[in-house]
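Trainee: What would the 3D arrangement of this be:
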Amino acid sequence: MVLRASARWYRAGPSARSSASSATAGAPPHRYDGEVDLHEAIRVRGRIEGDLVKVDDFLNHRVEADVMRSIGAEMATLLEPHGPNLLLTAEASGIPPALACSLAMDVPMVYAKKYLGTGDRYSYAREVTSPTKGVEYRVEVARRVLPPGARVAIVDDILSQGRTAEALGEITEEAGCDVAAFVFAVEKSFMEGRRRLESHGWMVYSLVDVTSIADRTIELAAP
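Mentor: So this is what the prediction gives:
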């Protein structure tokens, strides 16, 4: 069964709608107050560049506090039944949602580092090819920060092809830890990421499901 986030905070308040219209007129950047409608934020402020869904105005370049608080709380709700005692993500754009979730759950967070080329580091590592950047890099986690027996939830901003997430899951298992679940702020469900992760038997959650970007239009599944 595919599990999605609940719709508790998918409600757009007047401030979200009004500031979205004023932002197009050159007003100060959009601010969210109270509950955040992430679906609406992506519809209004998301954009398409090539085959990429860009949410870097509020999620993973410019990072807005209200957005992160809501994402962290919702991710925590999804993960709590799985009982993780450690969160794992990858630098750099995975850090904001993972830290927000870490604070909401009061559990530590580790972020994997990315390197070009090999190195003499005592770490768990995987080679990952980035189709968007056209480069191969190493995802590494120092062995001292991933203790055997930990129950690890993997958190990231976007699930697309799932290569980095898969590498984090494999590192987790190599370290002798249990993969509790994966959770993403945004999933591009028309890509293969979910299938890649579920083929390992891992549980996958996402808060927002982008079903298509055909005709340069962002289509979202109903919350």
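Trainee: Please enumerate the helices of the protein.
Mentor: If DSSP state H is used as the criterion, the helices of the chain fall at 14-24, 38-45, 65-79, 95-105, 163-174, 193-198.
Trainee: Specify the stretch among these that is closest to A221.
Mentor: Each of the helices of the chain was scored for nearness to A221 using CB to CB, and the closest is helix 38-45 (9.0 Å). For glycine as for every other residue, the C-beta is placed from the backbone atoms N, C-alpha and C.
Trainee: Would you mind getting the angle between the closest one and helix 65-79?
Mentor: 140 degrees (axes from the mean of the first three to the mean of the last three CA atoms, to 10 degrees).
Trainee: helices or strands up against helix 38-45?
Mentor: The helices and strands touching helix 38-45, judged by 3 or more CB pairs under 8 Å, 6 or more residues apart in numbering; DSSP states H and E, are helix 14-24, helix 65-79, strand 204-212, strand 219-220.
Trainee: Centre-most residue in the protein?
Mentor: When the chain is reduced to its mean C-alpha position, the closest residue under CA atoms, centre = their mean turns out to be D157, at 2.1 Å.
Trainee: Report the contact partners of it.
Mentor: Residues in contact with D157 (CB atoms under 8 Å, 6 or more residues apart in numbering) are 55, 59-60, 93-94, 96-97, 184-186.
Trainee: hmm, 10 Å instead?
Mentor: Under the criterion of CB atoms under 10 Å, 6 or more residues apart in numbering, the contact partners of D157 comprise 55-56, 59-60, 63, 71, 89-90, 92-98, 184-186.
Trainee: Equivalent analysis for D209, please.
Mentor: With contact set as CB under 10 Å, 6+ apart, D209 has these partners: 2, 4-5, 39, 159, 184, 186-190, 194, 219-223.
Trainee: Leaving aside the residues adjacent along the chain, what's closest to it?
Mentor: Nearest residue to D209 in three dimensions, chain neighbours excluded: A221, at 3.8 Å (CB to CB, 6 or more residues apart in numbering).
Trainee: you'd agree the one you found is up against T211?
Mentor: Yes: with contact defined as CB atoms under 10 Å, A221 reaches T211; the gap is 5.2 Å.
Trainee: overlap in contacts of those two?
Mentor: Applying CB under 10 Å, 6+ apart, one finds that A221 and T211 are jointly contacted by 187, 189.
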